[in-house]
Each structure stands twice: as C-alpha cells, then as structure tokens.
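Peer 1: Give me coordinates for this.
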Amino acid sequence: GKLSLEKEMSGEDVLVEDIEDIFVRGMVKKTDLQSFTPTTSTRSVTPPRRSRPAPEVYAKQTTVVTDVQPRRKADTLDDGVSGSTMLPGTQTVFVKTQGCAHNVSDGEYMAGLLAAHGYKITDQWSEDVDVFLFNSCTVKGPSQDSFLNMVAKAKSSGAAVVVAGCVPQGQPGREELDGLSIVGVQQIHRVVEVVEEAVKGHAVRLLGQGVRPALDLPKIRRNALIEIVPISMGCLNRCTYCKTKHARGDLVSYTPEAVVARVQAVIAQGVREVWLSSEDTGAYGKDIGIGLPTLLDAIVDSLPEGVMLRVGMTNPPHIIEHMEAVARVLNHPRVFSFLHIPVQCASDKVLQDMKREYTRADFELLADYLLEHVPGITIATDIICGFPTETEEDFLETLDLMHKYKFPVVNIAQFYARPGTVAAKMTKLKSSVVKDRSRKVTTLFESYTTFDNLVGTLQDVWVVEFGKDANYVVGHTSSYVQVLIPREENLLGRRCKVRVDSASKWSVKATLVEVLAEAEALPQVSISRTSVLQSPAQLKASNKPLPGRNLPPSSMTTEEDYGEEDEEDERAGNPAFRRVVLAWAVLVMTVFMLVTVVDPLLSCLGMGVAVLWERVGLKSWRHGTEGDRGGGEEAGCGPKGKGKSGDSCCGGGACGDGVCAS
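Peer 2: Numbers count the residues shown, from 1 in each chain. Take a look at the predicted model:
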C-alpha cells in the first residue's frame, strides 16, 4: 500500500509535466497507485471510476511538482500505512470560496466534482476534515490575507491542504504555499486528481492556461435556484492596479452553443435565475470572432417562462460597441434590467493612469443611453478611493459623478497596492487621506434613497431565497431590486405579484397579491449536500438560523461580493457594522468614566469608612478599659464573663450578662 517515488539518477526531486508522466517515465507502476482495502476498514469501499480527459486537455500544462509530505499521526497505522484516508473518495473535504461570481462558480464546480467521486463535502471547519480546499481571491489585500490565514490554520491541523483561485495562480511561489497542492483557475476540472494525490502526501501543481474546463461538469450550488454560467475567462484589459489579470490571463471565450447548452441543462434542474459571469462581459467573443449580442440573443431564445437572466459585469470600452443591442436585450421580459458597469474614478487623468481605456464622457454616454432606452434600469458601479495619482480635484470629480447619477448600488473600495502590478510601484497617498475619501463617498452614497418611487406600486417578483429574518422570503423585481415578502408556504422559486409597502436604502418590503407562476418550488441545498431546508412553517417553529444565500445590507451588493468579504472599506456603509462600532465606543467611554470619576469617589468613600471605623473601635476600647478598672470581673468581657482585664472578645462589641452580645 505504500507509494515510493523513485528518484532520478541525480538523486533529486523530479519535476514532471503531469501526473501521468510519472508512469511514462517508469518512475512508478500504475499498480502502485491503485486503491487497497485496509485491515482496519469495516466496509468495502470502491472509488468510482472516471474516464481520463481527452489528450488536448494536457496540451498546455505547466510544471507539476511532485513531493512527499508527512501524514497525520492519527491516520497512520503501526506499519506506517495510512488507513481510510488513503482511499480516494472516502475523505471529508472542506470547501471555502472567496471572491467574485466567477470564483463562486469555480468553487461550486470543484465541490460537485469531488462529491461525484464519493468525497463528502462540508462547509463546517472541524477536526473531522481530511482535506481543506481553499478557493481564493486576489483583488484586494485583506481578502488575500484572510486566505493565507486560513491556509496557515489548516496546515497546523495536519490535514492535507489544496489551494485554488487567483492567489496561487498569480503567485505560486509564495512562501506560505510551499509544499501545497495547487489547482489553477483553468484546471478546476482536474481537482479530483489533485485532491487524491494530496491525500497520499504528494504536492501537485496544475497551473496551465489556455484550456477551457467544460461547462457541463457536476455542481453543488450555494443556491439551488441560481446558476452562475461563466461565458469566458480572462480579459483584454491592462489595468495598472489589477492582480486578477495575472491569474486569469487573456480572454478565452466559450462558444455560444456550449453556453446555451449549459443554460438549458440547469433550467431542466429547476434553476430560476441564470447569471452570466465573466471578468468583462462586453469583451465576450472577441477572441473567437463573435459578439456579445449573438450570445445574448441565443440565450434569451432558450429561456422559458419564469426563468430570468442577469447579465454580468462589463467594463465601458467594450460594451459601448454593443449598447443598442444590449439595451434591446435588457428590455426583454425574461432579462433583469440590471447592469454592473464599474467606473472606478471620474477623472480622465486618473483613468488614464489606471489604463482603463475610456473617459468620463464615455461612461456618461453609456449610462445616459441605458437610462433613456431601458426604463427603470438599475446601474451598479464601483469606486476606487485613493489611487496613487488621485488629487483632491480628481476626487471631487468622482463625487460629482455620484451626485449626478445617484447609483442604487455602489461597490466602494480603498486602493490596495497589489504586488506585481504597475500601480504598486507608484507613490502611495497617506492612509488617512485614502480613508477620508472612502468615508466621504460612503456618506454621500448613504445620503440618498433610490427605491421610494416603488412604494404603492404593483411589481412582479421572482423569489429565490430565504431572508435572514425568519419572517421573510427574498425576491427581486425586474430591475433587480431586493424585495422582502412575508413568509408563506411554497413561495420559493415562484414568480409573484406584490404591492410595495415601504422602501429603505437597501430593499423594499411588500405584500403578496398573487402567485403568478405555479411551478413547484425547489428546496435550497447547502454545500454539504445534506442540509435541505425544512418547510417554512417548520423553520419558523424551530427558531433555527435559516440557511440560504442572503447578501448583507451594504453598498457591496454586486456580483463581485457573492462570495464573502469583510474588509474595512466594504463594511463602511453597513448599518450593522456602525452599530457595533457605536457599542464599542459606549463601552470604552463607560470604562473611562469608571476609571477617572467613579474610582476616585469610591476611594474617598473607603477612606472615610476606614477612619470612622478606627474611631469607633478606639472609643469602644477605652470604654472597656475603664470598666475593667472600676468593675473587676463583672465588667470583664470574655467567655462566660471570665475574661481578664483588658481582654477584647468581638472587636469592641457590647457585653451583657457575662457573654458576648455582638
């Protein structure tokens, strides 16, 4: 059952181009890698077979490092051979994903592939986890730091660790990743192979690019009603601040046929919302000679009644070429009138330094056209505060743009210098300046509301999830405005007509008028595949936390935050976060008052009591002494009146009848 990797004649570790190259070079026999039944096993486990991918999948692989790693003591038998943890497909795998919608989709694919091969998938960190799989995001420093902290914690547990996503793809040589297996962003279809080798103690790294993982792979969705479909990987931009480009690479688009086939397949599974995801939706197809409108028209034609499409994030330069066609699609009754267009900054000078390849006038041209030709459209955008070359005048232009458009959704971020980018070499602004600008943008964003016009109107709503509040389910209007509806049986997955009763900064509350789509609702399934929701009545009666994906009420509500991020800049606009800060401030002030005011008063009071006590004690002592001199034994204080002159029984207590009365 042991696997012993031979060494080359040099005696050093071997670099191989692929796992299969181990066999080609004759280093290890295939029989050495086949599973065995350990003597400690109480059941027969047969790992499911999987066919070897087509040869072209391996055409552009980069180096894979094969190494031997120590196993956990708890999983090693007396003869040194691992028990059940050496059987592929029997381990528990913890899967954690951070970042954008595309990254979330990658994580769902990897979880689905592992589950299809027998692995137990969990999102609960525990001692029972055999393999940790972290799917990372490199957009900002805090998200990367969070990922590295989790990796360090997992390594200390002794379990196998596999990392994926943009951090290891962009910086595979980081010291924190030494000895770890890596799944590249375009190698997610091979995650099972990597996990199997990691379980055996080998470090395997698949970082090849230029390969498109198939879209028809198995998946475990965070929300069974929402499917994220990647339409491409990489982009055509060269933004000076962006680290994602280093990881995702240049544009690689899927064919319209592949995307449409995936959409049709997931609709048959009960999906009610389809999100198109990409690093830049507007650039789709430029590498294969097809434009975005061709893809959108093909998808819309395949959508049945009750299923909605959401177009993903797009940068201004490429979408401007198609704005007439995009406006036409966004007006379709089965397409959300929603588009995420990051502006980042309103200063042409700063945009040029960022290499964004558009001007403020270009952005306004696009926004004005969509607002005019797509009634009720929701335009979401991103703002970067404190880019190194941003002056106060540049920043004021950004505030002016926000004043003009009053965007309903704004993703506010402080500038983070990402290693290896052009912007990282620029002279940074003072941290206090960056934070001050971030606060000003947040304050401006919170100063206006955008949903008041919906109060009193009737709206069609697609219900896709449970709210954090047990009293509501969550849906979206045709403009993708979040709607909270009083919880009722079997609303999940259905289209309803509601009357909007009130509006807040983040959502609206509404009353159900009627259910329009009678299709049976589907349960939401967690990533563990075992946590299927009970009926709404059962959930409400049990008072248990309600599972389901529900975005926090903050300005960060775009697809970029479908994964979880708690950086300081993203929390700036969150009322719950402000309440926590206020509570801490009150606590600090209370402690300060106790230390500076109450404590001295208590000290003075204590001194007064001590002085008073001393005087009373002295007076009593004198009284006892005089009685001793004048009354002899009758006045003495002691047990049964027999104490000697001057004896004190109870610290100055009064005496009577020859015994202590106090």
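
Peer 1: low-confidence ranges in the stretch 351-500 of the chain?
Peer 2: Regions of the stretch 351-500 of the chain meeting the criterion pLDDT under 70 are absent.

Peer 1: all helices for it, in order.
Peer 2: Remark: helices of the stretch 351-500 of the chain, listed N- to C-terminal, are 360-373, 392-405, 431-446; assignment by DSSP state H, counting those that start in this stretch.

Peer 1: Please apply the same query to the stretch 151-300 of the chain.
Peer 2: In the stretch 151-300 of the chain, the helices defined using DSSP H, counting those that start in this stretch lie at 166-170, 191-199, 244-248, 256-268, 292-301.

Peer 1: now for the ones you listed, which one comes closest to Ala115?
Peer 2: Of all the helices of the stretch 151-300 of the chain, the one in closest proximity to Ala115, counting by Cβ to Cβ, is helix 191-199 (10.1 Å). Every C-beta, even on glycine, is put in place using the N, C-alpha and C of the backbone.

Peer 1: per-residue confidence averaged over that closest one?
Peer 2: Per-residue pLDDT over helix 191-199 has a mean of 94.

Peer 1: And the contacts of it?
Peer 2: Judged by Cβ atoms under 8 Å, 6 or more residues apart in numbering, the contacts made with helix 191-199 from elsewhere in the structure are 19, 50, 66, 85-86, 88, 91, 93, 110, 113-114, 117, 119, 130-131, 133, 160-162, 164, 181-183, 203-204, 206.

Peer 1: weakest of the helices of the stretch 151-300 of the chain in terms of mean pLDDT?
Peer 2: Within these, the least confident segment by mean pLDDT turns out to be helix 244-248, at a mean of 89.

Peer 1: measure stretch 317-326 end to end?
Peer 2: The first and last residues of stretch 317-326 sit 14 Å apart, counting by Cα to Cα, to the nearest Å.

Peer 1: Quick check: mean pLDDT of it?
Peer 2: Mean pLDDT, stretch 317-326: 94.

Peer 1: And His189, how close does it get to Ser232?
Peer 2: 16 Å (Cβ to Cβ, to the nearest Å).

Peer 1: out of these two, which sits in the busier spot?
Peer 2: Of the pair His189 and Ser232, Ser232 is the one with more neighbours under other Cβ atoms under 10 Å, namely 28 against 19.

Peer 1: so the more buried one makes contact with Tyr284?
Peer 2: Yes. Counting by Cβ atoms under 8 Å, Tyr284 is a contact partner of Ser232 at 5.3 Å.

Peer 1: Which neighbours do the two have in common?
Peer 2: Counting by Cβ under 8 Å, 6+ apart, the shared contacts of Ser232 and Tyr284 are Ser253, Ser278.

Peer 1: what's the burial count for Ser277?
Peer 2: By other Cβ under 10 Å, 25 other residues sit near Ser277.

Peer 1: Would you mind measuring from it to Gln187?
Peer 2: 18 Å.

Peer 1: swap in Ala115?
Peer 2: Distance, Ala115 to Gln187, using Cβ to Cβ: 18 Å.

Peer 1: ok so, going back, among the contacts of helix 191-199, which lie within strands?
Peer 2: Secondary-structure check on these using DSSP state E: residues within strands are Val93, Val131, Leu133, Ala160, Val161, Val162, Ala164, Ser181, Ile182, Val183, Leu206.

Peer 1: List just the nearest of those residues to Gly420.
Peer 2: Checking the ones in strands among the contacts of helix 191-199 against Gly420 with Cβ to Cβ, the nearest one is Ile182 at 17.2 Å.

Peer 1: still on that earlier bit, closest one to Val461 among the helices of the stretch 151-300 of the chain?
Peer 2: For Val461, the closest of these is helix 256-268, at 19.3 Å, according to Cβ to Cβ.

Peer 1: what's the angle from that closest one to helix 292-301?
Peer 2: Here helix 256-268 runs at an angle of 30 degrees relative to helix 292-301 (axes from the mean of the first three to the mean of the last three Cα atoms, to 10 degrees).

Peer 1: Counting neighbours, which of the contacts of helix 191-199 end up buried?
Peer 2: A residue is treated as buried here by neighbour count (16 or more other Cβ atoms under 10 Å); on that basis the buried members of the contacts of helix 191-199 are 19, 66, 85-86, 88, 91, 93, 110, 113-114, 117, 119, 130-131, 133, 160-162, 164, 181-183, 203-204, 206.

Peer 1: For Val586, what is the enclosing helix or strand?
Peer 2: Mapping Val586 onto the secondary structure by DSSP states H and E places it in helix 575-593.

Peer 1: Now the two most distant members of the ones in strands among the contacts of helix 191-199.
Peer 2: Val93 and Leu206 (17.1 Å).

Peer 1: Contacts only, for Arg499.
Peer 2: Contacts for Arg499 were tallied using Cβ under 8 Å, 6+ apart; they are Gly456, Thr457, Leu458, Gln459, Ala510, Thr511, Val513.

Peer 1: Which of the three states applies to the nearest residue to it once chain neighbours are set aside?
Peer 2: Distances taken as Cβ to Cβ, 6 or more residues apart in numbering put Thr511 closest to Arg499, at 5.0 Å, once the chain neighbours are dropped. For Thr511, the secondary structure call by DSSP: H, G, I helix; E, B strand; the rest coil comes out as strand.

Peer 1: Just confirm Thr511 contacts Lys497, I think it does.
Peer 2: No. Look at Thr511 against Lys497 with Cβ under 8 Å: they stay out of range, at 10.2 Å.

Peer 1: Would you mind telling me which of these two has the busier surroundings?
Peer 2: Set side by side, Thr511 and Lys497 give different neighbour counts by other Cβ under 10 Å, the larger being at Lys497 (14 against 10).

Peer 1: For that one, name its beta-bridge partners.
Peer 2: Under the criterion DSSP bridges, Lys497 forms beta bridges with Asp460, Glu514.

Peer 1: Can you get me a residue count around the residue nearest to Lys428 when sequence neighbours are not counted?
Peer 2: The spatially closest residue to Lys428, leaving aside those adjacent along the chain, is Pro388, at 5.5 Å (Cβ to Cβ, 6+ apart). Neighbour count for Pro388, taken as other Cβ under 10 Å: 18.

Peer 1: Quick check: Arg310 touching Arg334?
Peer 2: No. Counting by Cβ under 8 Å, Arg310 sits too far from Arg334 to count as a contact (10.8 Å).

Peer 1: out of those two, which sits in the more crowded spot?
Peer 2: Applying other Cβ under 10 Å to Arg310 and Arg334 shows that Arg310 carries more neighbours, namely 20 against 16.

Peer 1: which ones are touching that one?
Peer 2: Taking Cβ under 8 Å, 6+ apart as the definition of contact, the neighbours of Arg310 are Glu273, Val274, Trp275, Leu276, Val335, Phe336, Phe338, Tyr480, Glu559.

Peer 1: What's the local residue count around Asp382?
Peer 2: Neighbours of Asp382 under the rule other Cβ under 10 Å: 20.

Peer 1: Now it: closest residue in space, sequence neighbours ignored.
Peer 2: With Cβ to Cβ, 6+ apart as the measure, Pro342 is the residue that lies nearest to Asp382, at 3.7 Å, once sequence neighbours are left out.

Peer 1: what sits against that neighbour?
Peer 2: Contact criterion Cβ under 8 Å, 6+ apart gives Met313, Asn315, Thr381, Asp382, Asn411 as the residues in contact with Pro342.

Peer 1: Among the residues you listed, which ones are in strands?
Peer 2: The members of the contacts of Pro342 that map onto strands under DSSP E are Thr381, Asp382, Asn411.

Peer 1: Leaving out the residues flanking it, which one is nearest to the last one?
Peer 2: Okay, so that is Asn411. In space, and not counting its chain neighbours, Asn411 is closest to Asp382: 4.3 Å by Cβ to Cβ, 6+ apart.

Peer 1: go on, Thr240?
Peer 2: Using Cβ to Cβ, 6+ apart, the closest residue to Thr240 is Val422 (3.8 Å).

Peer 1: Sketch out the strands for the stretch 401-550 of the chain, chain order is fine.
Peer 2: In chain order, the stretch 401-550 of the chain shows strands spanning 409-414, 458-466, 472-476, 482-486, 495-503, 508-515, with DSSP state E, counting those that start in this stretch as the criterion.
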